[in-house]
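S.K.: I would like the atomic coordinates for the input below:
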Amino acid sequence: MPSPTALEEHLAHNSAAIDDISEQMARQWAAIRRLEAQVERLAGLIQAIGDDGPGAPDEAPPPHY
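M.R.: Modelled structure (predicted):
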């Protein structure tokens with residue numbers, strides 16, 4: 001059976017690993033939230049460009065073609 005000191009060391013190591021993983025997950029979730037917001041903004045811009053951009057595809061091409 002492992003000694004109490006070995007168990008305490010193992011527990012401390014596991015606690016540190018859990019804390020590190022928790023910090024990484026928090027950073028990843030923050031990055032995901034930023035990226036989702038950016039995608040939403042870009043989707044809105046694309047939609048606005050589509051609404052304000054060139055007309056329907058059945059329009060005649062400009063005279064320089």
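
S.K.: what helix or strand is residue 59 on?
M.R.: Counting by DSSP states H and E, no helix or strand carries residue 59.

S.K.: secondary structure element holding residue 39?
M.R.: Here residue 39 sits within helix 4-52, counting by DSSP H and E.

S.K.: residue 61 too?
M.R.: If you go by DSSP H and E, residue 61 is not part of any helix or strand.

S.K.: burial of it, as a residue count?
M.R.: 6 (other CB atoms under 10 Å). Just so you know, the C-beta spots here come from the backbone N, C-alpha and C atoms, and that holds for glycine as well.

S.K.: ok, now residue 29?
M.R.: 10.

S.K.: residue 24 now?
M.R.: Other residues within reach of residue 24, judged by other CB under 10 Å, total 10.

S.K.: now the helix holding residue 39, how far from the chain's geometric center?
M.R.: 7 Å (CA atoms, centre = their mean, to the nearest Å).

S.K.: any idea of the mean pLDDT in that helix?
M.R.: If you average the pLDDT over helix 4-52, you get 96.

S.K.: tell me, what residue is most central in the chain?
M.R.: The chain has residue 32 as the residue nearest its centroid, 2.1 Å off, counting by CA atoms, centre = their mean.

S.K.: in three-state terms, label residue 2 for me.
M.R.: Per DSSP: H, G, I helix; E, B strand; the rest coil, the secondary structure class of residue 2 is coil.

S.K.: show the backbone phi and psi for it.
M.R.: When read as degrees, to the nearest 10, the backbone of residue 2 gives phi -70, psi 150.

S.K.: let me see the contact set for it.
M.R.: Going by CB atoms under 8 Å, 6 or more residues apart in numbering, residue 2 touches residue 10.
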